[in-house]
Structure formats: structure tokens, C-alpha cells
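show me how the following folds:
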Amino acid sequence: MIHVLVTQAGHLEETSKQCCKMSETTSKHTSALCTMQSLHLVLLVVLTIFVYYVSKPHVTEVQPMNRFDVTNVSYTVSMAQPTDSIQRTAVSERTYVMVMSQKRSGSSFMGELFNQNPTVFFMFEPLRSLTSLAMKKTSFSFETAVHNTLNSIFKCELTHVPVSGWVVKKTEVSTCFNAFEMQNNSVLRQICSKYDLTGNQMFLNISSTLCKRRSHFAFKTIRITDLAHLKPFFVNDEFNIKVIHLVRDPRAVMNSRHLLHEENLDFIRRKGTHADEVKDLCQNMKVNIAYGQHIPDWLVGRYKLVRYEDLAEKPFQVTSDIYNYLGWILPQEVNTWILRNTDHDDDKAYSRTRDSRKTAQAWRKTMPFPDVLNIQNKCQDVMKLLGYVQFESRQSMRDAKSSCIPFNGYLNHI
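Numbering: from 1, shown residues only. Predicted coordinates:
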């Protein structure tokens, strides 16, 4: 392009010279024409200089990858591990969100508030495999494994994360054949829909690259029973971690677990087969709620308690409050997901599509009243602390007009 412009400029310059010679002996009309050609020459020279500088290579800043832009991701290990300077920038500027809860407390639903955000890399239960590993190995240290795994995922070194926990349930030819995880993770969906991957390692390399390019990181877990175990991460200034402690009425939790008809392996790992699961549930809730009552220095500004019932009753308001706590802008994708997934049920045990208002109190229609009394007796302290109303009779429990979960602004008094 530049060569062509230069050639044309040369021709026009020669014509202009000839025209100027002729203008000395010709009419005024010819002289005016000569003047116009001279102006064209000046404009062409300016255009040539402009095109040259625009087309000249420049060093530009690396921009974050768009939500569905995985076309530039290489399958090589070197591309999956960016330079130290890029990685340090990502670590220092991003927020790491941990949704901490207990089994059947609504953490999968809350996780979608981050999974649907195009600026967030979200992981669904990255610690899941550690439970089975701990039950198989007598010398296995669960707390050490949790620390090592979290350290890896915070740095987006996903090749160090046990693949059987995050990506697949069993050994499979490709991670993309696992429909369960494909449903859980927006990152998996975009990678697997774009490429025909043939192994977990290749998938994890690409995922690591995407993780480092997202603005923020979030994960949800039901396998951390005490925040104190994570104190080293909070004390270390390397990661800006914020906790969302999600709690739910213990009566609803136990009813939901019962309806699953499956063992609570994480509970068995910690307490054995003969321990009291109700007491374990409420004791763990109380331990972590205490951090909100008397916040230690290392957790100031990094802990937020949310009741599932409040989220179910006012999903848009509570979600907005959560994003304000994080200092994030609430994207339209999240609001759209809430609108489409909180007004009807699809009757699947692990579904995130719920009529949230009905789900929060559905246990009151079917749970045997003796079971309710048993839970209220063992958990009365934590229920009172969280504002859950206790029932004195089966009739009051079945009365749909009475609420056992008055909306109270997400427990600001705690």
C-alpha cells in the first residue's frame, strides 16, 4: 500500500513540474489546474506518512480474553503458563471468592451467581476428591491436601489439582464427556464446545490459561468446616480472599439430605458412621458464625454471612448486596440467570433451577414433626442466633401463612 502511494506521488510530482513550466506561457485556466495538482501532491505525501506510521508494528498491552474467545489459546504447556509478570498482575488485582457452606444448604445455587459472570473463573467443588482420598489412605492429611489444592487453584495452576475431584467423577477418555461438570461450569462448556479434546492434561492446560485471564476467581465448597484452617491464606497478602458463609435452616438441610438417600461421605470421613449428623451440622455452623460475631483481625472486611432463605426470598436484592460487598459490578448475565431459574422447578435433586421461594420452606409440608423437634432441640442455639422460628406443633409447622424465616436484611446484627 505504501509503495503504491509513493509511486503515485512521484508521477504526480513530475506532472506538477511540467504543469508549472506550461503555466508561464498558458492561460489562467491552465495555471489554476496546476495549482490543484500541487495541492493533491501535498495531500498524497501527508497520507503516505500517516499510513506508514499506522502500519508500523507497535508493542501493545495483552488484553483479557473475552468470555467465548478461546481461539487464541494454544494447546502447548508453555501457553498454559504465562510469564511471571502477567501472573503477578493477575494475582495482585483479582478477588478470590470462597462460598463456604454445608451439604444441601444451597451452595450450588449461590455458585451460579459467579458461574454466570463472564469476568469470573468459577470452580465447582475443587476439593471433592480429597474426601475419598482421605477415606482410602490412613496417613492422608486432609488439611494439608486442602491447603496445597487451594494454593494451586489460587495461582491457576490447575494441572496440580486432582482431576478426579474437579473435572471428572471417574477415569474417562475426555473431560468433555462428563455431562455433570459440563452443566456445572461455564468455562468447561466453552472449551468443550470449541475443541475436540482427547485428554485431561490438555484440558487443564487450557483451563489454566483461561483462569489467569479472567478478572476474578470464585469457587464453592462444602468441605471446609472451620475458617481457621484457612488463616494462612488470609494472613498472606498474596491473595485478596473474601468469604461468603452460606447457612440454611438445619431442619431444611437435614430433610434435603434424607431425601437424597445417600451417605454423607464428608461427614463419615470426619466423625465416622455412628456420630450424630444433626449435632455435627449445627456445631460447624456455630463455629463459623462466631467469626461474624467477633471478627478477628485477619478476617476484617473479608467475611459475609448470608442465609439461603433470604437469597431465595429476594434473589435480586441479596445478589446485589453480595456484589456490593465484593466491590464488583453486577453483570446482566447474572440477573438474566436469576430471572430464568428462580420461578419454577425441574424436580432434579442437584438442579439449580428452583422456585426459590417455595423451595426454602418446602420441608414444612413433608418432614415428620418428631424429626423437627429433634433438630430444634439439638440446634436451638444456632437457630435462635440465625433468627429461625421454632414450631411447637405440627399444625403450626404445616401452616403456610406463618413464616419461620422472616426476612431480616441478611442478619446485619451478626
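
can you give me the strands in the stretch 151-300 of the chain?
Ranges of strands in the stretch 151-300 of the chain, per DSSP state E, counting those that start in this stretch, are 216-221, 240-247.

including distance to Q116, could those go into TSV?
Where C-beta positions appear, they are placed from N, C-alpha and C, glycine not excepted. Formatted as TSV, these follow (distance: least, C-beta to C-beta, whole Å):
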stretch	distance to Q116
strand 216-221	11
strand 240-247	16
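
winner for burial among these?
strand 216-221 (a mean of 23; mean count of other C-beta atoms under 10 Å).

mind giving me the packing neighbours of it?
Counting contacts by 3 or more C-beta pairs under 8 Å, 6 or more residues apart in numbering; DSSP states H and E, strand 216-221 packs against strand 95-100, helix 107-115, strand 120-124, helix 142-154.

alpha carbons only: can I get the second one in PDB?
It stands for helix 107-115. Written as PDB, here are the backbone C-alpha positions of helix 107-115 (Å, rounded to 0.1, in the frame of the first residue of the first chain):
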ATOM      1  CA  SER A 107     -24.300 -23.500  47.700                       C
ATOM      2  CA  SER A 108     -24.800 -24.800  44.200                       C
ATOM      3  CA  PHE A 109     -27.500 -22.200  43.600                       C
ATOM      4  CA  MET A 110     -25.300 -19.500  45.000                       C
ATOM      5  CA  GLY A 111     -22.300 -20.700  43.000                       C
ATOM      6  CA  GLU A 112     -24.200 -19.800  39.800                       C
ATOM      7  CA  LEU A 113     -24.200 -16.100  40.800                       C
ATOM      8  CA  PHE A 114     -20.500 -16.300  40.000                       C
ATOM      9  CA  ASN A 115     -20.500 -19.100  37.300                       C
END
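
now do it, average pLDDT.
Averaged over helix 107-115, pLDDT sits at 92.

which strands and helices sit next to it?
So helix 107-115, by 3+ C-beta pairs under 8 Å, 6+ apart, packs with strand 95-100, strand 120-124, helix 179-184, strand 216-221, strand 240-247, helix 308-313, helix 332-341.

what about 7 Å?
strand 95-100, strand 120-124, strand 216-221 (3 or more C-beta pairs under 7 Å, 6 or more residues apart in numbering; DSSP states H and E).

still on that earlier bit, select, out of the helices and strands packed on strand 216-221, the one closest to W328.
strand 95-100 (7.4 Å; C-beta to C-beta).

just to revisit the earlier point, and the strands of the stretch 151-300 of the chain, which one averages the lowest pLDDT?
Averaging pLDDT over each of the strands of the stretch 151-300 of the chain puts strand 216-221 lowest, since it has a mean of 94.

any stretches of the stretch 1-150 of the chain with poor pLDDT?
Residue ranges of the stretch 1-150 of the chain with pLDDT under 70: 1-92.

domain ranges for the chain?
For the chain, automatic domain parsing gives the domain ranges 2-55, 77-398.

before we move on, the earlier item: distance to E157 for the helices and strands packed on helix 107-115 - can I get that in a markdown table?
Shown next, in a markdown table, are the helices and strands packed on helix 107-115 (distance: least, C-beta to C-beta, whole Å):
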| stretch | distance to E157 |
| --- | --- |
| strand 95-100 | 14 |
| strand 120-124 | 13 |
| strand 216-221 | 12 |
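
what's the closest of the ones you listed to F233?
Nearest of the helices and strands packed on helix 107-115 (C-beta to C-beta): strand 95-100, 8.4 Å.

that closest one: which residues count as buried?
The neighbour-count check on strand 95-100 (16 or more other C-beta atoms under 10 Å) flags T95, Y96, V97, M98, V99, M100 as buried.

residue contacts, the second one?
With C-beta atoms under 7 Å, 6 or more residues apart in numbering as the criterion, the residues that contact Y96 are F154, F217, F239, N240, I241.

who does the second one bridge with?
If I follow you right, that is F217. Counting by DSSP bridges, F217 is bridged to Y96, F121.

isn't it right up against F121?
Yes: using C-beta atoms under 7 Å as the test, F217 is close enough to F121 to be in contact (5.1 Å).

which neighbours do these two share?
C211.

P126 in helix, strand or coil?
coil (DSSP: H, G, I helix; E, B strand; the rest coil).

pretty sure it sits against I153.
Yes: the pair P126 and I153 passes the contact test of C-beta under 7 Å, sitting 5.5 Å apart.

shared neighbours, these two?
Common neighbours of P126 and I153 (C-beta under 7 Å, 6+ apart) are V161, F219.

grab the nearest non-local neighbour of K242.
R302 (5.0 Å; C-beta to C-beta, 6 or more residues apart in numbering).

and that neighbour, how far is that from H160?
Distance, R302 to H160, by C-beta to C-beta, to the nearest Å: 25 Å.

ditto for P331
Distance from P331 to H160, by C-beta to C-beta: 30 Å.

over to K137?
Where H160 is concerned, K137 sits at a distance of 18 Å (C-beta to C-beta).

now swap in V382 and tell me
36 Å.

between those two, which is the more surrounded one?
V382 (19 against 13; other C-beta atoms under 10 Å).

mind checking the SS state of that one?
Put simply, V382 is helix when judged by three-state DSSP.

pretty sure it contacts L281?
No: here V382 does not reach L281: they are 8.9 Å apart, not a contact under C-beta under 7 Å.

once you drop chain neighbours, what's closest to D266?
Of all residues not flanking D266 in the chain, T131 sits nearest, at 4.9 Å (C-beta to C-beta, 6+ apart).

that neighbour belongs to a helix?
Yes: in this structure, T131 lies within a helix as judged by three-state DSSP.

neighbours of G272, just the number please.
8.

list the contacts of it.
Listed by C-beta under 7 Å, 6+ apart, G272 has no contact partners.

could you do Q102 as well?
By C-beta under 7 Å, 6+ apart, the neighbours of Q102 are I222, V253, L281, N284.
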